[in-house]
Structure formats: C-alpha cells, structure tokens
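Enquirer: need the 3D shape of this:
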Amino acid sequence: MSVNNRNIKATEGVDTISDIHSNLATNYGVWYVKKGKRKSILKFQEAGAGGLAEVRAALDETKVQFFLYRVTGVDVKAGAKSIRSKFVRGCYTGASAPTMQRANAGIIQSDVFMFLQDAQLSFQISALSEMTEDIVEAKLRAAAGAHQVQFFDFANAEARISGKKKAAPSPAKAAPAAAAPAPVADDDADDAADDAADDAADDAADDDDDTAAAPPQPASAASTDALELTYFDGHGRGEAIRLILKAGGVDFTDTRIGFPEWAKMKADPDATANQLFGQLPILTHGDFKLGQSRALQTYAAHLALPSTCATPKAAAIDAMFQNAHADVQGFVYKCLFGDDESKAAATAKIDETVAPTMQAIERNLPDSGFIKGGDIPSAADIVVFDLGTSTFPSMKMLGVDLDKYPKFNKLVAAVGAFPAIAEYVASRS
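Expert: This next block holds a predicted model:
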C-alpha cells in the first residue's frame, strides 16, 4: 500500500513491508524523509535480517527516519516450539535533522504509520536510549497481558538467512514518468494536475540523489530561518518557552527588552507585537510570527522535542499541563499586579487559591520519571518545572507550601537534572 497526499509521498519499499510482515528473512526496514517541492517524500534506505540492532545502527542524527521491524516471541513447552511474531514501527527525529523536518514529523507520522501497516508498538524517539531491547520487551509484555512468551529474539535468528537489501531504484528510474502509475488524487481535485507534475519533478530530483552516495540532506531554507523569542528580561511567561527550546538544543535569539523599549514597541502600530495581540512574548521564525505564550510553548515543543508530542494523545497531555501552568501563573500574578489592597489580599490567600490546581497537577503526575515516560522531558514536564523554579514570581516566596506536593517536587528535580536544562539553569539570571 502506498500513500500519496498533500503531506507525504510514500511509495518506496512496499515489498520490504510485505516481507517483514511475512515469515521471510527480511525483518526490518528503514526509510528517511526528504523534502520535495510541495510535500515530504519517504525514501527507502535499507532492509535486512538484523532486527532491532541493525535498525539502531541505521538511525542517523542528521535525518528524520521511520522504521519497521519484527521481533520473534518464542515459547518452548513439552519439546514443542511456538513462534509469535510482533511488529514495531516508529519515527526517529535526529537531533541534527533540519528543524522544519523535525517539526513536520508529527504531521506526516500517521500517514507513514498507515504505510508501514499494523504493529503492536509504535515509537516516537529522538535518542537511541529511548528504544533498547529492555524497553521494547517491557512494552511488548505490557501489551500482551496474560499471554506471555518465554523470551524475545530481537535478531529473529530463526529466520536469518540473508543480508541487507539495498535501496530500490526510485519509481522514475524504473519507468518513464509518463508510464508510471497515476498518483493518488488529493482531496482538492483542482490540484491533482499540479500534484502529478510536482511528483514527477520530485522523482527526477531524487534520481540525482540516488546516483551516488549523497551527503546528509541540508536543511531547507525554511528550517534555517532565524528563530527569535522576544520577551522581558525575566522569567514570567517567556521562561517555559526558553526551557523547551533549550531542552531540545534548538538555536534561537533570546531577545530581552526593558519597559522603555516595550513602551516604544506598543506605540508603533507596525511592531510585530501589535500585529498580533499587543502582548509579549512573541516568536518569529522567518516570515512566521506567533503570539500567546501557550501557542509559543506548543510550537517550541514541535521544533525542539517532536518525539514527545507526535501523537494527538501526547499533544493533549501537553495542553492539559500547559493550561494548569497558565492558571497557576494567573493566580500568582495577582499578587504582583494591581493596587496595593488587591495585591495584599491575593498574597494573603495564595496558598489556598492555587491549592485546587496544584492538587490536580499532583494527582496526575507519575510516581517517578517524566510524565510520558522515556528519557526526554516533554512540554508538560517543563511547564511543571517552570512552576517550581521560576523566580518571577516564586510561589514559595509568596507563601505557597510546596512540601504538600511530593510528586511535583520529584518531577521538578528530574527535569532539573536533564543535562540541557541543568546547563541552562546554571547560567540563567
């Protein structure tokens, strides 16, 4: 089954997918994403009989890749051997892959997973440590419930007969463009002819790449556009965005302005802030301009931590904690802004005011580790960390008893120990 729509063209390696889902020797396949003229193109990279180990070896930090592999579950009882095949698919977003390709991975993922067909497990990872034999086995056993095998063979030794299968020629090499099957029609019939022409152009460009071992694909023009965050010189509503970008190692210009500069900006109708909602923070990424702090957090997470928000469920978890983060910030800001009487009243009851939201956060946190598991904090983890560590304002300084929230404090410590976060926090003012 191939996929060809507005977002992705996935036609290569269909035979490999069939082989993996059968009992043939080929038990894994790896594809990488290439930017086409109007859509992403899924290129077949390699396949073979080495299972998980060769999948891990094939993952390249300069690329966004997708993979499918077979794991053999083995039972031996009364001298009889029972074999159960399990299938794992996933998306790998390399840390040095083009920024926009990383951000786009979540958009194309469901279509690529449909192309790879059904699997017992689906991964979204950005580091090899997120997909080890121990992790995969634990997830397979959790999914199997009471129907457990004695052990899992990750090399699929029972079927290992042949070596790697090299990348297949592109469709344009196999036949002239005019003889190739017609692409699947897009939803908008008016664009069908344009898409067909673009597909042919994309295939022609791919032929040039396949004639020799090409260097890693350079970032697209859009992915190299300067990313700039503009906010005041303090934590406030900008710090969670900074933390998310820092966690994923995304380069950005951290523009911090004072109140005199902000006054001038507000007086300029052409200023970016006034073109949006008249507030800070704002973010610019090339020609793209964005306001509203939660929207900026979401965009930053898709750029910096795409593997943590690549599914609707994962993105919704982020949104839930982002909203709770904003609620607590709103309560706390009443202690800092307004007349003296209102600020004093808000401060006097702040512990009581934030308690319902903080209790909700506490009961929805895991006993240990990050909210979604894995080795990388998500936006959800980072906004919780921001609540516990922001110095503008500090809940503890205002009189909130954070000792009542042990899971909250444990997560704050876990996020604070993440190397990229720890490095940034150690240097921030």
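Enquirer: rest of the way, CA atoms for contacts and neighbours
Expert: OK.
Enquirer: can you tell me the centre-most residue of this protein?
Expert: Per Cα atoms, centre = their mean, the C-alpha nearest to the average position across the chain is that of residue 306, at 1.4 Å.
Enquirer: which residues are in contact with that residue?
Expert: Contacts of residue 306 were listed using Cα atoms under 8 Å, 6 or more residues apart in numbering, and they are 93, 102-103, 105-106, 126.
Enquirer: let's see it at 7 Å
Expert: Applying Cα atoms under 7 Å, 6 or more residues apart in numbering to residue 306 gives the contacts 102-103, 106.
Enquirer: now do residue 68
Expert: 28-30, 88-90, 116.
Enquirer: for it, phi and psi?
Expert: phi -140, psi 130 (degrees, to the nearest 10).
Enquirer: how many other residues sit next to the nearest residue to it once chain neighbours are set aside?
Expert: Using Cα to Cα, 6 or more residues apart in numbering and skipping residues adjacent in sequence, the residue nearest residue 68 is residue 89, 4.2 Å away. Residues near residue 89, counting by other Cα atoms under 10 Å, number 23.
Enquirer: who touches residue 89 in this structure?
Expert: By Cα under 7 Å, 6+ apart, the neighbours of residue 89 are 67-69, 119, 121-123.
Enquirer: try it again with 6 Å
Expert: The contact partners of residue 89, taken as Cα atoms under 6 Å, 6 or more residues apart in numbering, are 67-68, 122.
Enquirer: so it, which of the three states?
Expert: Assigned with DSSP: H, G, I helix; E, B strand; the rest coil, residue 89 falls in the strand class.
Enquirer: need the contact list for residue 39.
Expert: Residue 39 touches 7-8, counting by Cα under 6 Å, 6+ apart.
Enquirer: tell me where this protein has strands.
Expert: Under the criterion DSSP state E, the chain contains strands at 3-4, 8-10, 28-35, 40-48, 64-77, 80-93, 121-125, 151-153, 165-166, 227-232, 253-257, 282-285, 288-291.
Enquirer: looking at those, which is nearest to residue 19?
Expert: strand 28-35 (8.8 Å; Cα to Cα).
Enquirer: what strands line up against the closest one, and which way round?
Expert: On the basis of DSSP bridges, the sheet neighbours of strand 28-35 come out as strand 40-48 (antiparallel), strand 64-77 (antiparallel).
Enquirer: now the ones you listed in JSON lines, with mean pLDDT and distance to residue 296?
Expert: Formatted as JSON lines, the strands paired with strand 28-35 follow (pLDDT from 0 to 100; distance: least, Cα to Cα, whole Å):
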{"stretch": "strand 40-48", "mean pLDDT": "94", "distance to residue 296": "24"}
{"stretch": "strand 64-77", "mean pLDDT": "87", "distance to residue 296": "23"}
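Enquirer: dump the ones you listed into JSON lines; add distance to residue 153 as well.
Expert: Compiled in JSON lines, the strands paired with strand 28-35 are given as follows (distance: least, Cα to Cα, whole Å):
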{"stretch": "strand 40-48", "distance to residue 153": "15"}
{"stretch": "strand 64-77", "distance to residue 153": "5"}
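Enquirer: among those strands, which comes closest to residue 382?
Expert: Within the strands paired with strand 28-35, the stretch nearest residue 382 is strand 64-77; the backing value is 23.9 Å (Cα to Cα).
Enquirer: tell me the gap between the closest one and the middle of its chain.
Expert: Counting by Cα atoms, centre = their mean, to the nearest Å, strand 64-77 is centred 23 Å from the centre of its parent chain.
Enquirer: before we move on, what about stretch 122-138?
Expert: The answer for stretch 122-138 is 14 Å, by Cα atoms, centre = their mean.
Enquirer: just to revisit the earlier point, residue 333: which of the contacts of residue 68 is nearest?
Expert: Closest approach between the contacts of residue 68 and residue 333, by Cα to Cα: residue 90, at 41.9 Å.
Enquirer: related to what we said a few turns ago, can you tell which of the strands of the chain is closest to residue 361?
Expert: strand 121-125 (24.7 Å).
Enquirer: can you list the buried residues in that closest one?
Expert: By neighbour count with 16 or more other Cα atoms under 10 Å, strand 121-125 contains the buried residues 123-125.
Enquirer: same question for stretch 286-306.
Expert: Across stretch 286-306, burial judged by 16+ other Cα under 10 Å covers 289-306.
Enquirer: how far away is the nearest residue to residue 117 once chain neighbours are set aside from residue 38?
Expert: Distance criterion Cα to Cα, 6+ apart; nearest residue to residue 117, sequence neighbours excluded, is residue 17 at 7.9 Å. From residue 17 across to residue 38, the span is 26 Å (Cα to Cα, to the nearest Å).
Enquirer: so the two - more neighbours on which side?
Expert: Neighbour count, other Cα under 10 Å: between residue 17 and residue 38, residue 17 has more, with 23 against 14.
Enquirer: I'd like to know how far that one sits from residue 420.
Expert: 37 Å.
Enquirer: ok, how many other residues are close to residue 139?
Expert: Using other Cα under 10 Å: residue 139 sits among 13 other residues.
Enquirer: do residue 76 as well
Expert: Residue 76 has 12 neighbours, counted by other Cα under 10 Å.
Enquirer: for it, which non-adjacent residue is closest in space?
Expert: Nearest to residue 76 is residue 82, by Cα to Cα, 6+ apart, at 6.2 Å.
Enquirer: so what's the one you found bridging to?
Expert: Applying DSSP bridges, one finds that residue 82 bridges with residue 75.
Enquirer: with the one 10 residues further on instead?
Expert: Beta-bridge pairing for residue 92 (DSSP bridges): residue 65, residue 125.
Enquirer: so it sits right up against residue 127, yeah?
Expert: No - between residue 92 and residue 127 there is no contact under Cα atoms under 6 Å: 7.6 Å.
Enquirer: who's more crowded, those two?
Expert: Comparing residue 92 with residue 127 by other Cα under 10 Å, the one with more neighbours is residue 92, at 26 against 18.
Enquirer: how much space separates that one from residue 358?
Expert: With Cα to Cα as the criterion, residue 92 and residue 358 are 34 Å apart.
Enquirer: same question, residue 44
Expert: In terms of Cα to Cα, residue 44 sits 48 Å off from residue 358.
Enquirer: quick one: which of those two has more around it?
Expert: More crowded of residue 44 and residue 358, by other Cα under 10 Å: residue 44, with 25 against 22.
Enquirer: now that one: closest residue in space that isn't a chain neighbour?
Expert: Excluding the flanking residues, the one nearest residue 44 by Cα to Cα, 6+ apart is residue 31, at 4.5 Å.
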